[in-house]
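S.K.: pasting the structure only:
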DNA sequence: CACTTTGTTCAATATTTTTTGAACAAAATA
DNA sequence: TATTTTGTTCAAAAAATATTGAACAAAGTG
């Protein structure tokens, strides 16, 4: 029943021997490490994603630990987070008890997850803070109040623009 | 010649006594600390920006250190970085030897700096990496090549969209 | 010129974040 | 049932990042 090949075309047993990467694999993983850092994820997340990107078949937790020389804890946490942003999914391989992990088909899903779970809440939170400030400015004397309101006005305006562009960002990058 | 008032309406000498913040000031600074963290700046940068946001007049390096209870080194570095993204500028106050720092009038300038000096180079770098990968994929066997190209194609496509939306982002947030 | 004031730099320190690995729980096996 | 296999959690260790502070250079002052 278990017809899943060991990863890549190497003859050495993938689970016990770590590393052994093609130049191409290294470069792929490197790319996703950068992307991870770019959006504020730990680089181990990028490594995992990169490894799955290069892999032609779903990998188990142990595969990932072994090939990336990474602890089970890290791999587990990373996979959990990546699943959280829909970057990775679990595949059930009949006849194998272990979970197998692979990429969600589309990079857009990852971006959608990132936008919806990080970017948008962040912007919403800023909006609430700006509103809260705006309310409290009323307690100031007139001169101070005006000056403060000027600056807050610009900030509020900027925030409005940020909200305005979000749907387009989401449509293009995650739609 | 020196007609710059001490910051805020407090009677205590601003330079020697740290803290002494209004609730409003605390909340403002807090807001900008969040914004800083949001875009990956150290929180000290946010503190400085927030303090300048609340201040009705340009502050000296020492003012900033004293009020934020922050070392000269941090303040100096933070101001340098903030000037780098056009968030803060130096004002010369005749009769005062010290530099005085204040916000650039427009938050848009900050965003422009951030977009141009962080976001865009990051995206450009990703593009180069993706291209480099694409070239090397040619060395693979046919099956592998196809699979890799499929995934890379999606990635490249996504990157194209990211580039496409950048001008709009820049126009709305930093224009 | 010697002395002060001001801002910068960078090695050392402190803080924050990430990673590890051992303990644990859940589920499968025998 | 006891044993193994698998994945998660979280306190502790390691690594990365930010902050400090003392040494320094540049420019002003007397």
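M.R.: Sure, I can see it. In this text, all values refer to a predicted model and were calculated from it rather than measured experimentally.
S.K.: for residue A:98, give its distance to residue A:91.
M.R.: 11 Å (C-beta to C-beta, to the nearest Å). C-beta coordinates here come from the backbone N, C-alpha and C atoms, glycine included.
S.K.: buried residues, the strand or helix carrying residue A:29. List them.
M.R.: Using DSSP states H and E, residue A:29 falls within helix A:23-38. Burial within helix A:23-38, assessed by neighbour count using 16 or more other C-beta atoms under 10 Å in any protein chain shown, is assigned to A:24-25, A:27-36, A:38.
S.K.: list the buried residues for the helix or strand of chain A with the lowest mean pLDDT?
M.R.: Sorting the helices and strands of chain A by mean pLDDT, DSSP states H and E puts helix A:107-114 at the bottom, at a mean of 82. For helix A:107-114, a neighbour-count test (16+ other C-beta under 10 Å) marks A:107-114 as buried.
S.K.: take the residues you listed and write them to JSON lines, including distance to DNA strand D.
M.R.: Shown next, in JSON lines, are the buried residues of helix A:107-114 (distance: C-beta to the nearest atom of the strand, whole Å):
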{"residue": "A:107", "distance to DNA strand D": "23"}
{"residue": "A:108", "distance to DNA strand D": "24"}
{"residue": "A:109", "distance to DNA strand D": "19"}
{"residue": "A:110", "distance to DNA strand D": "18"}
{"residue": "A:111", "distance to DNA strand D": "22"}
{"residue": "A:112", "distance to DNA strand D": "22"}
{"residue": "A:113", "distance to DNA strand D": "17"}
{"residue": "A:114", "distance to DNA strand D": "19"}
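S.K.: now render those residues as a markdown table, adding distance to residue A:20.
M.R.: Below are the buried residues of helix A:107-114 laid out as a markdown table (distance: C-beta to C-beta, whole Å):
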| residue | distance to residue A:20 |
| --- | --- |
| A:107 | 26 |
| A:108 | 32 |
| A:109 | 30 |
| A:110 | 27 |
| A:111 | 31 |
| A:112 | 34 |
| A:113 | 31 |
| A:114 | 31 |
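S.K.: just these that are near chain B?
M.R.: By C-beta under 8 Å from any C-beta of the partner chain, the members of the buried residues of helix A:107-114 lying near chain B are A:107-108, A:111.
S.K.: let me know the closest of the residues you listed to DNA strand C.
M.R.: residue A:111 (18.9 Å; C-beta to the nearest atom of the strand).
S.K.: and that closest one, how close does it get to residue A:174?
M.R.: Counting by C-beta to C-beta - residue A:111 and residue A:174 are separated by 4 Å.
S.K.: related to what we said a few turns ago, what angle sits between the very next helix or strand once past the helix holding residue A:29 and helix A:107-114?
M.R.: Downstream of helix A:23-38, the next assigned helix or strand under DSSP H and E is helix A:43-54. Relative orientation of helix A:43-54 versus helix A:107-114 (axes from the mean of the first three to the mean of the last three C-alpha atoms, to 10 degrees): 160 degrees.
S.K.: buried stuff in helix A:43-54?
M.R.: Applying 16+ other C-beta under 10 Å to helix A:43-54 flags A:43-54 as buried.
S.K.: again, but for stretch A:166-175
M.R.: Here stretch A:166-175 shows A:166, A:169-170, A:172-174 as buried, counting by 16+ other C-beta under 10 Å.
S.K.: run a quick neighbour tally on the closest residue to DNA strand C within chain A.
M.R.: When scored by C-beta to the nearest atom of the strand, chain A has residue A:73 as its residue closest to DNA strand C, at 2.1 Å. If you count neighbours by other C-beta atoms under 10 Å in any protein chain shown, residue A:73 ends up with 9.
S.K.: let me know the pLDDT of it.
M.R.: Note on residue A:73: pLDDT of 98.
S.K.: likewise residue A:40?
M.R.: pLDDT, residue A:40: 88.
S.K.: hmm, the helix holding residue A:29 in reach of DNA strand C?
M.R.: No - if you take C-beta under 7 Å from any atom of the strand as the test, helix A:23-38 misses DNA strand C, and the best it gets is 8.8 Å.
S.K.: give me the contact list for that helix.
M.R.: A:8, A:21, A:42-43, A:45-47, A:49-51, A:53-54, B:122, B:125-126, B:129-130, B:132-133, B:136-137, B:139-140, B:148 (C-beta atoms under 8 Å, 6 or more residues apart in numbering or on different chains).
S.K.: go with 7 Å
M.R.: A:42-43, A:45-47, A:49-51, A:53-54, B:122, B:126, B:129-130, B:132-133, B:136 (C-beta atoms under 7 Å, 6 or more residues apart in numbering or on different chains).
S.K.: domain ranges for chain A?
M.R.: Using automatic domain parsing, the domain parsing of chain A gives A:23-103, A:107-174.
S.K.: thank you kindly, that will do.
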